[in-house]
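Novice: Next come a sequence and a model predicted from it.
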Amino acid sequence: MPKKICKKCKIFFKGDNCPICKGNQLASSWQGRVNILDADKSMVAEKLGIKVKGEYAIKVR
């Protein structure tokens, strides 16, 4: 099963609903990836507004 991307949160996930916002608006077009290992200490996560560790798309269409 391929990973899906939430249009709102930009997180990659498997399943039907986003694990963060519980939404089901999915995107298939994206650019760039970033892996956040520790959202509390990451400056990148702070700049992107990410509060949960995971794999995120940088740009979603």
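Specialist: Received, thanks.
Novice: Would you quantify the distance from Gln31 to Lys59?
Specialist: Separation of Gln31 from Lys59 (Cβ to Cβ, to the nearest Å): 4 Å. The way it works is simple: take the backbone N, C-alpha and C, and place the C-beta from them, glycine included.
Novice: give the contact list for Asn35.
Specialist: Contact partners of Asn35, counting by Cβ atoms under 8 Å, 6 or more residues apart in numbering, are Gly54, Glu55, Tyr56.
Novice: Buried only: go through these for me.
Specialist: For these, a neighbour count by 16 or more other Cβ atoms under 10 Å gives the buried set as Gly54, Tyr56.
Novice: TSV please, covering the contacts of Asn35 and showing distance to Lys8 and secondary structure.
Specialist: Putting those into TSV (distance: Cβ to Cβ, whole Å; DSSP: H, G, I helix; E, B strand; the rest coil) gives the following:
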residue	distance to Lys8	secondary structure
Gly54	14	strand
Glu55	16	strand
Tyr56	12	strand
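Novice: Please look at Lys51 and Ala39 and confirm they touch.
Specialist: Yes: counting by Cβ atoms under 8 Å, Lys51 does reach Ala39; the two are 5.5 Å apart.
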